[in-house]
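Peer 1: Just to be clear, the model below is a prediction. Sequence and coordinates:
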Amino acid sequence: MATPTPRVRVPATAKAGELIEIKTLISHEMESGQRKDSSGKVVPRKIINKFTATFNGKPVFEADWNPAISANPYQSFFYKASETGEFTFTWKDDDGSEYTAKNKLTVG
Amino acid sequence: MIMKPVEPTRRETFALAAIAGLAAFLAPKMVLADEGMVAAEIKKLYGDKKLESGKVKLDVPEIAENGLVVPINVEVESPMTEQDYVKAVHVFADGNPLPGVVSYKFTPSSGKAAASTRMRLAQTQNIVCIAEMSNGTLHTTKANIKVTIGGCGG
């Protein structure tokens, strides 16, 4: 499978105190570990098990995903804008790899 | 032009029935979670703490045509200040091979304790949602989703 590509939608600017919605999507098959291949062997589990969002290094939101999360997982959540800075979004894979995306937010 | 509804012919009906029967026969016997397993998971997290109703809003479709992608939106009523905010939200499904679906952790900077994602459901079942507030109280809600085609196995 190709390297998972994260896609994130964050408004570029916000007013102080404004509530913004952040939408994220990453391409990943989220193999549940429940399926069997044509020869009857269980396909090993390989999912993204954790998604975290931080702003200027401070935690904002975290989601622990189980195999019940659909392929190409979507996650949306909110953030109360207070200062200018940068979001870091991290997806942690079962195999240890990490996928990250960064987005700037200007508060004015 | 008036469109007539396409009705399956007798032959097609038989073919469909045969396929459905075969699929049911071939489907692996999956061990599915049940209400007891969900209750056990909750007990593991919070022990015998009292679960209150209210405050949690679970937004899910009543009928999910495709069990592979079922949208789920959770919202918890809270002012989301340093003193009073939603710490965590856990979502469980009582008819999936594994009861856990997702666990969220919020912070006061979240502004609003709401999040949405998409999940897989193996069959018609209940979704249980538990929210842990910063003062330690627990709030819960439940919703039933009818699943037309289960999104599991293969």
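Peer 2: That came in fine, so what should we check first?

Peer 1: could you say what helices and strands the lengthiest strand in chain B packs with?
Peer 2: If each strand of chain B is counted by residues according to DSSP state E, the longest one is strand B:138-149. With contacts defined as 3 or more CB pairs under 8 Å, 6 or more residues apart in numbering or on different chains; DSSP states H and E, the packing partners of strand B:138-149 are strand B:51-53, strand B:56-59, strand B:63-66, strand B:70-76, strand B:125-133. C-betas here are computed from N, CA, C, even on glycine.

Peer 1: where does the chain have low pLDDT?
Peer 2: You didn't say which chain, so I picked chain A. Judged against pLDDT under 70, the low-scoring parts of chain A cover residues A:1-2.

Peer 1: Not quite, go with chain B.
Peer 2: Low-confidence segments of chain B (pLDDT under 70): B:1-8, B:10, B:12-31, B:152-154.

Peer 1: which parts of it sit against chain A?
Peer 2: Within chain B, the positions adjacent to chain A are B:28, B:30, B:68-70, B:80, B:93, B:96-98, B:100-107, B:109-112, B:114-121, B:151-154 by CB under 8 Å from any CB of the partner chain.

Peer 1: So which bits of chain A are right by chain B?
Peer 2: So chain A meets chain B at A:19, A:32, A:34-36, A:55, A:58-71, A:73-80, A:82 (CB under 8 Å from any CB).

Peer 1: same thing but 7 Å
Peer 2: A:19, A:34-36, A:55, A:58-70, A:73-80 (CB under 7 Å from any CB of the partner chain).

Peer 1: In chain B, which residue sits nearest chain A?
Peer 2: residue B:111 (3.0 Å; CB to the nearest CB).

Peer 1: what's near enough to touch that residue?
Peer 2: A:19, A:78-80, B:80 (CB atoms under 7 Å, 6 or more residues apart in numbering or on different chains).
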